[in-house]
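**Q** coordinates only, sequence not included:
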């Protein structure tokens, strides 16, 4: 019989949430990069048409705003950590009497 590690607990839940957060942040930055490439392609194929140029400019604007908001969120989390000493970047679930990885 294989070794059964037993039921999942708080430690496994913390790890799943931490991984989901890390993956979603990475995917968000990749999406911003893809949108900037799409905007560049829109500029290249616009042929000087004002409507197409406006669409490309809007795509660039929103992609850069998305990158700005992602960076600001990260800076705010670092600022909270510096001012309060609470490591909000390290997700931790705490229950009385339960061993955690924090």
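**A** Right, received. Where do you want to start? Here the structure is a predicted model, which is why all the values come from computation and not from measurement.
**Q** give me every residue that touches the nearest residue in space to residue 55 that is not next to it in sequence.
**A** By the measure of CB to CB, 6 or more residues apart in numbering, the closest residue to residue 55 outside its immediate chain neighbours is residue 42, 6.1 Å from it. All C-beta atoms are positioned from the backbone trio N, CA, C, and that covers glycine. Contact analysis of residue 42 by CB atoms under 8 Å, 6 or more residues apart in numbering lists 52, 55-56, 59.
**Q** Now, of those, which are buried?
**A** Among the contacts of residue 42, those classed as buried by 16 or more other CB atoms under 10 Å are 56, 59.
**Q** Reformat the contacts of residue 42 as TSV; add secondary structure, distance to residue 14 and pLDDT.
**A** Converted to TSV, those look like this (DSSP: H, G, I helix; E, B strand; the rest coil; distance: CB to CB, whole Å; pLDDT from 0 to 100):
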residue	secondary structure	distance to residue 14	pLDDT
52	helix	48	92
55	helix	43	93
56	helix	43	93
59	helix	37	94
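**Q** quick one on the thing from earlier: where's the residue nearest to residue 55, which helix or strand?
**A** Secondary structure from DSSP states H and E places residue 42 in helix 10-45.
**Q** Repeat that for residue 7.
**A** Secondary structure from DSSP H and E places residue 7 outside every helix and strand.
**Q** can you pull the pLDDT of it?
**A** Listed pLDDT for residue 7 reads 70.
**Q** Okay, it and residue 92: tell me how far apart.
**A** 20 Å (CB to CB, to the nearest Å).
**Q** More neighbours: those two, which one.
**A** Using other CB atoms under 10 Å, the more surrounded residue of residue 7 and residue 92 is residue 92, with 13 against 6.
**Q** Give me the nearest residue to the spatially most central residue of the chain, chain neighbours excluded.
**A** Closest residue to the average C-alpha location of the chain: residue 25 at 1.6 Å, with CA atoms, centre = their mean. In space, and not counting its chain neighbours, residue 25 is closest to residue 70: 7.4 Å by CB to CB, 6+ apart.
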